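# Pasting the sequence and the predicted coordinates here, then a few questions.
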Amino acid sequence: MKRTIIMLLSVLICWTIAPGITKAASAGEIDASVDATLASFYNTVKDGKKLVASAKGVLVFPSVYKAGVFFLGGEHGEGSLRMNGRTVDYYSTTSGSFGWQLGVQKKAIIMLFMQDDVLNNLRTSSNWKAGVNASVAVITAGLDGSVDTEKLNKPIIAFVIDQKGLMYNLTLEGTKINKIRK
């Protein structure tokens with residue numbers, strides 16, 4: 001209960017600080033943003049196309065906004081799940097955080113579901129949480145776009161990208177993902 005209240009307050013902070021950037025997007029807008037995010041991913045990560053092709057499903061959040069004021073922060077974004085290159089569902093992501101923070105940040109999240117059972121868990125769950133329903137390995141890349149191959153055998157591998165390239169030392173633990181209608 002306490003965690004839910006914190007998460008709701010965190011999302012409220014996002015909507016208060018950045019009201020213009022957290023509006024709900026249409027299905028067409030989300031799909032166009034997903035296309036652009038995947039194109040950027042393919043240009044940034046060596047063998048990115050091979051990784052996506054080998055995934056059972058790819059969940060892409062093109063614009064996840066994080067906002068924080070003092071000791072409370074939150075992030076929110078919308079995206080789509082693709083299977084065989086086609087959008088099959090739309091999702092939102094939400095999380096909250098504690099600690100000194102001030103400002104707004106935008107990032108993109110690409111989650112590759114490498115196993116059918118984990119993907120089915122996401123698709124049938126009404127309240128899926130990273131780190132609770134499945135472990136997510138956040139992958140880092142070198143300057144040449146090569147990835148840490150030790151984590152590529154995990155059930156879910158994720159990449160977090162901002163305007164400057166891949167972000168480092170991030171976690172998606174506790175991130176809540178819900179199916180939405182578009």
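Received it, and whenever you're ready, just let me know what you need.
# So what pairs up with residue 161 in the strands?
residue 108, residue 166 (DSSP bridges).
# residue contacts, it?
Contact partners of residue 161, counting by C-beta atoms under 8 Å, 6 or more residues apart in numbering, are 37, 40-41, 44, 107-110, 167. To be clear about C-beta, it is placed using only N, CA and C from the backbone, and glycine gets the same treatment.
# Tell me which helix or strand comes right after the longest helix anywhere in the chain.
Using DSSP state H to define each element, the chain has its longest helix at helix 27-44. Moving toward the C-terminus from helix 27-44, the next helix or strand (DSSP states H and E) is helix 48-54.
# Check which helices and strands that next one is in contact with.
Secondary-structure packing of helix 48-54 (3 or more C-beta pairs under 8 Å, 6 or more residues apart in numbering; DSSP states H and E): helix 27-44.
# List the buried residues for the helix it packs on?
By 16 or more other C-beta atoms under 10 Å, the buried positions in helix 27-44 come out as 30-31, 33-34, 37-38, 40-42.
# next one: stretch 85-96
87, 89-96.
# show me where the protein has helices.
2-17, 27-44, 48-54, 116-124.
# what residues does the longest helix of the chain touch?
Identification of contacts with helix 27-44 by C-beta under 8 Å, 6+ apart yields 25, 48-49, 52, 58, 60, 62-63, 78-80, 82, 87, 90, 108, 110, 141, 145, 159, 161, 165-166, 182.
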